[in-house]
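Enquirer: Below: sequence and its predicted model.
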Amino acid sequence: MRAESSPAPRAGGLRDLRAPVSDRLRRAVVSAPDRLVLLLFWAGLVVALAILIDQFRPLVVVPASVALVIATWNLVPHPVAPSRAAVVGSLVVLAVALCWIAINVGYASRYVVVTRDPGFLTLESLWLVDHPNPTIPTGSAAAIDDALVGARASGAAFALRDGMLYAQGAKLLPGLLAIGGWVGGDIAVLAGNLVIGALALLAVYGLGRRLTGPLLAVVPVVALAASMPMTAFSRAPYSEPLTVALAFGGLTVIWSGFETRTWWRYAVGASMIGATALVRIDGAAVVVGLIAGFGIAAAATLGTRARRRMSWGLVATMGASSAMVALGYLDLSWHSPRYLDDLRGRFSQLIVALVATAAVSLVLALPRSWDATRAFALRRRAMLGWVAAAAAVVVAVFLTSRPLWMVNHNLPAGSGYARLIEGLQNLEGLGIDPTRSYDEMSVTWLAWYYGWPMVVLAFAGLALILRRAVAERDPRWLVTAAVIGAPSALYLWRVSITPDQIWAMRRLLPVTIPGFLLLATVALAALWATRRRWARAATVLLAAVIVAFPLTTWGTLFTTVEHSGRYGQAEAVCAALPSPRVVFVGTFTYLPTLRIMCDAEVVTFETTPTPDELAEARDLWGGNEVAVVTFTPDGLPWEDGQIPPPLLSTTTTQWWYSISYVPSQPMATTSSVYLGLVQEDGTLVPIP
């Protein structure tokens, strides 16, 4: 296969220094989106390694990041020509990213209770601000866990092992957010994912302008920035925006590697895509797409020199991306072993798929015995291109039509997930079917948030780039389709998540949503290229619809701060504690909050403890002062038999859960927290 290349001055070279200031400024503006995303990757690599060796400290991370950035300054994507359109597009996107942060920072979440993933990610980030590793000692609470029936020193995504708490999931995102904490304290941690989200927008633009041009590429960026999934999952510490930044930033570098035929660009781009495994346990799915696409491109190449070059590129891509996946596995096995064990079956399936894809790619790409097949494909490339496009249309019809003839049941019966869905079905007046997973609704969900015009155009764009990849033998389009297509096919078929909104869109944000927006823009570019007046009018109208539709989905949720009041509530509890030894009575969701924010040793009783149990806990702590914290004071042995006034009552807002529509209003709940001091006989004296 061939790849186009165009001459451009090497970024940072001597020719740049001799150029007029205005030229250097234009090149700096145009290169800024790509370079900022690369800075995120290099800093992330240092963070991942520092956490892996338990040396996450400013004195290690900061100088190492600066040194790595300086050493890799010229390892950037092939520069985009600094035309007027490129300068304008870059300035617009940089302004969009900054304004997006400014608009949303006031609505950043206060997610410090582990009801869902942002809770433990926030708390882990706060822990890493002041600690060199993510494992959390429980102190003497672990001994009480062993000795006292009913008491636990772990829970809510934090597993206990050898006296240490291990939070679930990969550590790259908490590490990056903790860097913000070094500079701006807790508030910077809480709002830090917005910066990563803004960099994700730049990564989407970096690839989009290579697909469609510098001005039209603004359309998917604005639509993504305006949408509920991107905004909601950036206001709180979700892993999806970081995955977007690494996947699409890496794809941009891979694209420019095909343009310049440079192996190191393949390696850098593949490393960025592979680094998604440092963010999420399913990051290997994106790598499967990368290796499959690159392998097919290498297998289709004719000519000894060209095939040798593509084969070495394939080896570099496989090696770099696999090394990152291995690093992600080490991170999980060392710092989240219980989580890895729980999902080992799914993770193993991904690794088997990755190894099989790599093996098949090498078998197809390296031997010369396939030359006859390659020659046949070259002669029939126009026909094969249309076959590939037709296949995309068939898949689109199949996935889109599933609600008409399919009902999926992939939720375990009797699980908490099934109980949640049963409750929502009852609340929304739907048929009670608690094991229903709603996987068949995946394409419809995309239309809920981005509109049917975007979905139809995205499938049309997929058909276009597949035809172009095969008929024109262009590896750039093939790898782009594969990287977007592999994880999208996985999760559009089965979302593998609780199907309530907006939560379920987590599976589609990392690759599918930005990928579909870019594919839709490819279709718009093709429509514009016809040069007919009606086609250009339709292009402008459809672009406006894609940008505007996400804004119509918001309702009053835009100004909702998720878990508002919870951070201040936790601070008040910590300030009121008379002892660093705490018994929490209630679910396990608040144990990590007390352990990390209050730096207290904590055990939890999920059911109301008796006076004897509280007295025994006090004795096991050496007879020292022990505080009780609870949101459910009924039944506790208060000294005078009366429930005391609460320490404080807090009203918290959060997004409504729904399964048959897009949520548009928040729900508000009030929680009152009570504190007491355990006496020798196990009774409680209220703490005012």
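Expert: Sure thing, it's come through.

Enquirer: lowest confidence element among the helices and strands of this protein?
Expert: The least trusted helix or strand in the chain, going by mean pLDDT, DSSP states H and E, turns out to be helix 14-18, with a mean of 53.

Enquirer: where does the stretch 451-600 of the chain have low pLDDT?
Expert: In the prediction, the stretch 451-600 of the chain carries no residues with pLDDT under 70.

Enquirer: now the strands for it?
Expert: Here the stretch 451-600 of the chain has its strands, by DSSP state E, counting those that start in this stretch, at 581-585.

Enquirer: Then the chain?
Expert: For the chain, the strands defined by DSSP state E cover 136-137, 151-152, 158-161, 164-167, 581-585, 601-605, 627-630, 648-655, 666-678, 684-686.

Enquirer: Can you lay out those strands as a markdown table showing distance to P475 and mean neighbour count?
Expert: Every C-beta, even on glycine, is put in place using the N, C-alpha and C of the backbone. Below are those laid out as a markdown table (distance: least, C-beta to C-beta, whole Å; neighbours: other C-beta atoms under 10 Å):
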| stretch | distance to P475 | mean neighbour count |
| --- | --- | --- |
| strand 136-137 | 46 | 17 |
| strand 151-152 | 54 | 20 |
| strand 158-161 | 44 | 18 |
| strand 164-167 | 40 | 23 |
| strand 581-585 | 56 | 25 |
| strand 601-605 | 55 | 25 |
| strand 627-630 | 59 | 25 |
| strand 648-655 | 42 | 17 |
| strand 666-678 | 47 | 17 |
| strand 684-686 | 69 | 20 |
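
Enquirer: The ones you listed into TSV, with extra columns for distance to R57?
Expert: What follows is these, written out as TSV (distance: least, C-beta to C-beta, whole Å):
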stretch	distance to R57
strand 136-137	17
strand 151-152	31
strand 158-161	23
strand 164-167	19
strand 581-585	28
strand 601-605	24
strand 627-630	31
strand 648-655	34
strand 666-678	34
strand 684-686	41
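
Enquirer: Domain map for this structure?
Expert: 14-104+192-553, 140-178+561-686 (automatic domain parsing).

Enquirer: need those in CSV with distance to N133, can you?
Expert: Shown next, in CSV, are these (distance: least, C-beta to C-beta, whole Å):
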stretch, distance to N133
domain 14-104+192-553, 4
domain 140-178+561-686, 9
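
Enquirer: Which among those domains is found nearest to T115?
Expert: Comparison of the domains of the chain against T115 by C-beta to C-beta identifies domain 140-178+561-686 as nearest, at 5.6 Å.

Enquirer: any idea where the helices of the stretch 451-600 of the chain begin and end?
Expert: With DSSP state H, counting those that start in this stretch as the criterion, the stretch 451-600 of the chain has helices at 452-471, 475-493, 512-529, 533-548, 566-576, 591-597.

Enquirer: Would you mind saying which of those helices lies nearest W255?
Expert: For W255, the closest of the helices of the stretch 451-600 of the chain is helix 475-493, at 5.1 Å, according to C-beta to C-beta.

Enquirer: Of all the residues in that closest one, which ones are buried?
Expert: Residues 475-488, 490-492 are the ones in helix 475-493 that count as buried (16 or more other C-beta atoms under 10 Å).

Enquirer: I appreciate the help and will end here.
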